[in-house]
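Undergrad: Please work out how this folds:
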Amino acid sequence: MAESEKSRGKSCLKYGCFGCLAVAGLGLVVGGVIALMVRAELNRQPMRETTETTRQLPAVKQPTMVEIEPGREAETFLLTDFDVAEPGRIILDLQDGSFSVEAGPEGEPIRVIADYDKAGFELTESYESYGETGWVYRLGYRKTSWFRFVINDDRHGDNVRLIIPRGTPVTLEGEIGPGVSRLELGGLWLLDTKLELNAGEHRIEFDEPLLTPMKGFHIESSAGQVTVSGLGYASPLSASMDHSMGELVVDLEGPWARDAEIRAEGSMGAMMIHLPDDVGIDFKNPGIMLGEASTRGARNRPREVPGRPTLEVTAKMSLGELVVR
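TA: Below you'll find the predicted structure:
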């Protein structure tokens with residue numbers, strides 16, 4: 001009995017060693033194959049392509065513009081929400097590149113201009129209509145090779161540019177990044193915005209009034225730098241900005257058309273909020289767990305300014321720095 005058990009132990013040890021060597025050898029082979037594939041991917045020559053696609057959008061009755069303040073040229077809004085039964089929806093899924101969104105001439109098609117490496121990236125777009133004036137437009141851009149995610153090679157400077165015509169009611173939603181983006185949304189008929197911003201550098205600008213005040217503006221961002229500029233030109237009824245890690249800059253300047261609730265929250269990093277001078281400010285600060293906060297000026301602002309809207313501003317930071325000016 002003892003002899004049999006001893007023999008069995010030696011046999012297990014022998015085959016166990018062979019098993020370990022086999023696994024190690026297989027690992028070396030797989031590692032070598034992966035290394036060769038990554039090297040081939042890095043040495044691959046890009047296939048540059050510049051494309052332009054257009055989609056004609058249905059015409060919609062235009063609202064009547066009303067001045068916010070007499071004598072302030074070009075700063076006009078429709079002061080009450082204009083009901084749009086079937087607005088267009090723009091859904092983005094843009095990753096690993098440089099992206100821009102801007103306003104185009106009224107009456108022209110929605111347009112995409114892209115300059116990218118066709119061998120390593122894929123650009124997709126689709127359009128479908130419903131009802132009399134409703135439609136959904138989807139725009140996607142992503143890497144086609146799994147190894148592109150591993151090596152994260154951004155040498156080729158791919159760029160995707162989306163041009164949305166003025167005078168067309170739309171909502172904007174979806175996901176952008178990792179990458180760099182700049183969204184210049186001033187002048188559009190933008191009803192609602194819901195975006196998820198992944199790691200990178202992102203800038204959303206309103207440098208002129210929207211055709212009508214926006215109903216909602218909501219973004220969630222993971223890591224990097226996010227800047228929202230001139231939100232008063234959009235005058236959303238509610239706005240929320242949640243940033244996980246990095247820097248968040250929120251500029252509330254612009255001709256606010258109505259009262260609004262605004263919430264900005266960061267987990268770790270720095271947050272800076274710029275308040276406009278000519279509105280009432282109801283500032284709420286739940287506090288900062290660990291770090292520094294400079295909010296005295298905001299707390300001393302009057303809650304009501306005769307004839308002007310009041311902004312209820314909530315700013316919260318968990319770890320880092322909070323500055324409200």
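Undergrad: what are the ranges of the helices in the stretch 151-300 of the chain?
TA: Using DSSP state H, counting those that start in this stretch, the helices of the stretch 151-300 of the chain run over residues 296-299.
Undergrad: Strands along that one, start to end?
TA: Taking DSSP state E, counting those that start in this stretch as the criterion, the stretch 151-300 of the chain carries its strands at 159-165, 169-176, 179-184, 189-197, 200-205, 216-229, 238-251, 260-274, 280-294.
Undergrad: and the gap between Ser181 and Thr168?
TA: To Thr168, Ser181 is 21 Å away according to Cβ to Cβ, to the nearest Å. C-beta: built from backbone N, CA, C; applies to glycine.
Undergrad: just to revisit the earlier point, kindly reformat the strands of the stretch 151-300 of the chain as JSON lines containing distance to Ala315, mean neighbour count and mean pLDDT.
TA: Formatted as JSON lines, the strands of the stretch 151-300 of the chain follow (distance: least, Cβ to Cβ, whole Å; neighbours: other Cβ atoms under 10 Å; pLDDT from 0 to 100):
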{"stretch": "strand 159-165", "distance to Ala315": "31", "mean neighbour count": "20", "mean pLDDT": "96"}
{"stretch": "strand 169-176", "distance to Ala315": "24", "mean neighbour count": "20", "mean pLDDT": "97"}
{"stretch": "strand 179-184", "distance to Ala315": "23", "mean neighbour count": "20", "mean pLDDT": "96"}
{"stretch": "strand 189-197", "distance to Ala315": "19", "mean neighbour count": "21", "mean pLDDT": "96"}
{"stretch": "strand 200-205", "distance to Ala315": "18", "mean neighbour count": "21", "mean pLDDT": "96"}
{"stretch": "strand 216-229", "distance to Ala315": "13", "mean neighbour count": "20", "mean pLDDT": "96"}
{"stretch": "strand 238-251", "distance to Ala315": "9", "mean neighbour count": "20", "mean pLDDT": "96"}
{"stretch": "strand 260-274", "distance to Ala315": "5", "mean neighbour count": "20", "mean pLDDT": "94"}
{"stretch": "strand 280-294", "distance to Ala315": "6", "mean neighbour count": "15", "mean pLDDT": "81"}
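Undergrad: Relative to Val84, which of those is closest?
TA: strand 169-176 (4.3 Å; Cβ to Cβ).
Undergrad: Report all helices and strands that the closest one contacts.
TA: strand 88-94, strand 189-197 (3 or more Cβ pairs under 8 Å, 6 or more residues apart in numbering; DSSP states H and E).
Undergrad: how much does that strand deviate in direction from strand 159-165?
TA: 160 degrees (axes from the mean of the first three to the mean of the last three Cα atoms, to 10 degrees).
Undergrad: Now the nearest residue in space to Ser181 that is not next to it in sequence: which helix or strand?
TA: The shortest distance from Ser181 to any non-neighbouring residue, by Cβ to Cβ, 6 or more residues apart in numbering, is to Phe99 (4.4 Å). Per DSSP states H and E, Phe99 falls inside strand 97-104.
Undergrad: Which element is encountered next along the chain beyond that strand?
TA: Later in the chain than strand 97-104, the nearest helix or strand by DSSP H and E is strand 110-117.
Undergrad: What residues of that next one count as buried?
TA: For strand 110-117, a neighbour-count test (16 or more other Cβ atoms under 10 Å) marks Ile110, Arg111, Val112, Ala114, Asp115, Tyr116, Asp117 as buried.
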